[in-house]
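S.K.: Return atomic coordinates for the entry below.
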Amino acid sequence: MPDFKKLPLDAQLTALLDGETTPEEKHELEERIASDEGARRLYDKLRHGADFGRRRLDDVLKEPVPLALVRSIKSVQPPKAPLARAPPVRPSSSRRRGASRWPPPFSCSLPVAASVIWSASAPAIRHLRTTSTLPTTAAAARIGWPTSPATSA
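M.R.: This next block holds a predicted model:
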């Protein structure tokens, strides 16, 4: 726990309001509140907020608890055996060098997927290499494109 005197003033005053200070700390804070106007204003704001919250909480606590909630709380059975704890996680440095993070079925899925895609697209790639996307000379002449560099000038 950090040194109480190193805490911000609002944290110290909140601890005083909550009764979490030693008698020496309480005495020092009360002296500071008496001598420091800023500390007194902050203490009054915190005390007012604590009182407001306490009144609101008291109002809520006076409301009746729904009977269905009471019955469901009373009907819950405690666990017969303690809950199983998860196995400890090994740090990443303990892993074998070059080992995959993924389990074996997933660690090979990327190369398999790449080879399937490549083999499926190979015929389409071969077709694109053999067919030209440029029009033939006759088709170019029909649409008015120059067919040779000499006729374009």
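
S.K.: can you give me the strands for the protein?
M.R.: Counting by DSSP state E, the chain has no strands to list.

S.K.: helices and strands of the chain: which one bottoms out on pLDDT?
M.R.: helix 104-107 (a mean of 55; mean pLDDT, DSSP states H and E).

S.K.: where does the protein dip in pLDDT?
M.R.: 1-2, 83, 89-141, 147-153 (pLDDT under 70).

S.K.: quick one, longest helix in it?
M.R.: Counting residues, the longest helix found in the chain (DSSP state H) is helix 37-62.

S.K.: which other helices and strands contact that one?
M.R.: Where contact means 3 or more C-beta pairs under 8 Å, 6 or more residues apart in numbering; DSSP states H and E, helix 37-62 is packed against helix 9-17, helix 23-35. Heads up, the C-betas are built off the backbone N, CA and C, glycines and all.

S.K.: which of the residues in that helix are buried?
M.R.: 39, 42-43, 46 (16 or more other C-beta atoms under 10 Å).
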